[in-house]
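S.K.: Everything below, folded, please.
(chains A and B)
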Amino acid sequence: MAPQPVMPVDNALEVHDVHVQLGDTAVLRGVHLQVPRGRIVAVIGPNGCGKTTLLRCLLGLQKVDRGEIRLFGKPVGPDVLARVGYVPQRLQIDPSFSLSVREFLALRRRETRFWFWQRHRVTDAVLRETLAELDAVHLLSRPLAGLSGGQLQRVLIAYSLLGAPELLLLDEPTAGVDTPGEHSFYELIASIHRRLGITVMLVSHDLGMVFRHAAWVYALNGVVCCEGRPEEVLDAESLKAAYGIHVAPYQHHHHAGHPHAHPVVAPPGQSVPIAFRKR
Amino acid sequence: MPEFLAEPFMQRALLAAIILGPLCGLLGVFVTARRMSFFSETIAHSALTGVALGFLAGFKEPTVPVLFVCCVLAVAMLWLKEHSSLLTDTIMAVLLSTSVAVGVVLLSLQRSRWADLDKYLFGDILSVSWNDVGIAAGIALTVGIVVFRYLNPLTLLATNEDLAHVSGVRVRPLNYAFVLLVTLTVALGVRLLGIVLVTSLVVIPAATARGFAHNLRQHLLFGILAGFVGASGGVALSYPLNLPTGPTITLTLATLFLVSLVFARARRRAAATSIRTQPGTVP
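M.R.: Predicted coordinates for the structure are as follows:
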């Protein structure tokens, strides 16, 4: 019998040689990664590189053809998913659905597990406190379907935090959010990470986010092309390996004489910084 | 006692309306939220095959065959959705037209039953038996208990299935159960409103309630109320006005919907005015 790989349990997340075939396409072709507890990491790559498939595997929504995924040292299952907070890119919510933010958040609380509308002293206080930490307490009575992209992300994070997660997975968290909103959103994630010490994994095609906020980066394109600190990974060669085209990091000067490593990359010869967004 | 209640067939029809109206109003909130209105339309049309098969098999009242065929079609729809790359809309359109064609062909083979087609297309309260009312009451009770027991997971499922999965909801079984509940409710409604109009009892109360509701709790309560008022009011009005019951229920529901549209518009205007008149607000 082949020896099993040794997997220390101080990792929040371990992906070992994961293969996934969707139709005729081998989307993941032997992905390895290990995320130590308490770290803020990013998985980057172009559209179609397997980011979403990897995320679905981590959440137990997609079966792996080969390989192994462990969360907190255990195979993905309901008990271990209870320790995970997931922030989806968007909700499938219809504008005709009048679920309010208060009702939505109450779905995550144990004392209101049967009927979300139960008014409970503890629930109300906890919901207010959680939203206040995210600067979103004014949204409590608003309909969920009427929120802007940035407001919705805050409410979704509040929903995750109410489950006291040890690992927070965010899928393209700032898609549809304007630039100032994006900046404050990542500041928020960083402050949650500092305060609660939880592991955070951001899945994004937005290189700017990586430079500013992630401590460690995995560049994915079917396999993990490279990993390391953002300034190490985001060089021209690594980006070419991940994105398949030639791109170079762009130095943006905020003040004369103070170059600032900016997240934005631009094709060679292009003077205007562009966010690496293909959608 | 109102005059129409002296007639036993009106008593049965009113009782069926009182049972089905609120039930459809409750389920309709989730049906519209999950964009399943066309699903309920497909299920309703498959009832025609159930009616024809029921008569062929020698059933006097086709309620049980209708429930059976509708459930089979619902499961077929879910299976095709999971095991093919076809869009849900396409699957439903194929099944809707096929089941209508099968129903009409089977009915045409039984010349004596051909005249009954109208009854099932547009509803016929004369055909509602005490047996139907009993089945409706039993199913309504079951559906009501299941929906209220699983209200939180059903709500979460309507927002995002992946989020529901991570939150511990067993998504697939609950999806099947919800589809089954809607199927049974729609199949029961066919006797009262007919195949063509039954979807109105599922969709219109929920759409009406949206105009009055500020949150989901109110949406559900107003949906149940609108279903009750629309269905029982329609039955009650059809007798003195000497109108067919199914279309009268639909028109009563549509009137309630219009009132809710006007109300919602007035409420939005009032809210806009109050924002403009607040001190420091730039008009």
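S.K.: what separates the helix or strand residue B:16 falls within from the chain centre, distance-wise?
M.R.: Using DSSP states H and E, residue B:16 falls within helix B:8-33. Chain-centre distance of helix B:8-33: 8 Å, with Cα atoms, centre = their mean, to the nearest Å.
S.K.: list the buried ones in it?
M.R.: For helix B:8-33, burial by neighbour count (16 or more other Cβ atoms under 10 Å in any protein chain shown) applies to B:9-10, B:12-33. (Glycine included, C-beta is placed from N, CA and C.)
S.K.: residue ranges of the strands in the stretch 51-200 of chain A, please?
M.R.: Remark: strands assigned in the stretch 51-200 of chain A by DSSP state E, counting those that start in this stretch are A:66-71, A:74-75, A:84-87, A:167-171, A:199-204.
S.K.: Reformat those strands as CSV; add mean pLDDT, mean neighbour count and distance to residue B:96.
M.R.: Shown next, in CSV, are the strands of the stretch 51-200 of chain A (pLDDT from 0 to 100; neighbours: other Cβ atoms under 10 Å in any protein chain shown; distance: least, Cβ to Cβ, whole Å):
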stretch, mean pLDDT, mean neighbour count, distance to residue B:96
strand A:66-71, 92, 18, 41
strand A:74-75, 90, 12, 42
strand A:84-87, 92, 25, 36
strand A:167-171, 91, 23, 35
strand A:199-204, 89, 24, 39
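S.K.: what residue ranges in the chain are flagged as low confidence?
M.R.: Just going to use chain A. Low-confidence segments of chain A, defined by pLDDT under 70: A:1-9, A:111-122, A:176-180, A:209, A:234-279.
S.K.: Hmm, no, I was thinking of chain B.
M.R.: Looking at chain B by pLDDT under 70, you get B:1, B:275-283.
S.K.: Quick check: the residue nearest in space to the middle of it vs chain A, distance?
M.R.: By Cα atoms, centre = their mean, chain B has its centre lying nearest to residue B:202, at 3.0 Å. Residue B:202 sits 13 Å away from chain A, going by Cβ to the nearest Cβ, to the nearest Å.
S.K.: Looks like that residue contacts residue B:39 (just checking).
M.R.: No: applying Cβ atoms under 8 Å, one finds residue B:202 not in contact with residue B:39, separated by 9.7 Å.
S.K.: near chain A too, which of the buried residues of helix B:8-33?
M.R.: Of the residues in the buried residues of helix B:8-33, proximity to chain A by Cβ under 8 Å from any Cβ of the partner chain holds for B:29, B:32, B:33.
S.K.: ok, so what distance separates the last one from residue B:58?
M.R.: Using Cβ to Cβ, to the nearest Å, residue B:33 is found at 41 Å from residue B:58.
S.K.: now for the strands of the stretch 51-200 of chain A, which one comes closest to chain B?
M.R.: Shortest distance between chain B and these, using Cβ to the nearest Cβ, is found for strand A:84-87: 4.3 Å.
S.K.: Other residues contacting the closest one?
M.R.: Here strand A:84-87 makes contact (Cβ atoms under 8 Å, 6 or more residues apart in numbering or on different chains) with A:59, A:71, A:153, A:156-157, A:159-161, A:163, A:165-171, A:173, A:198, B:162-163, B:166.
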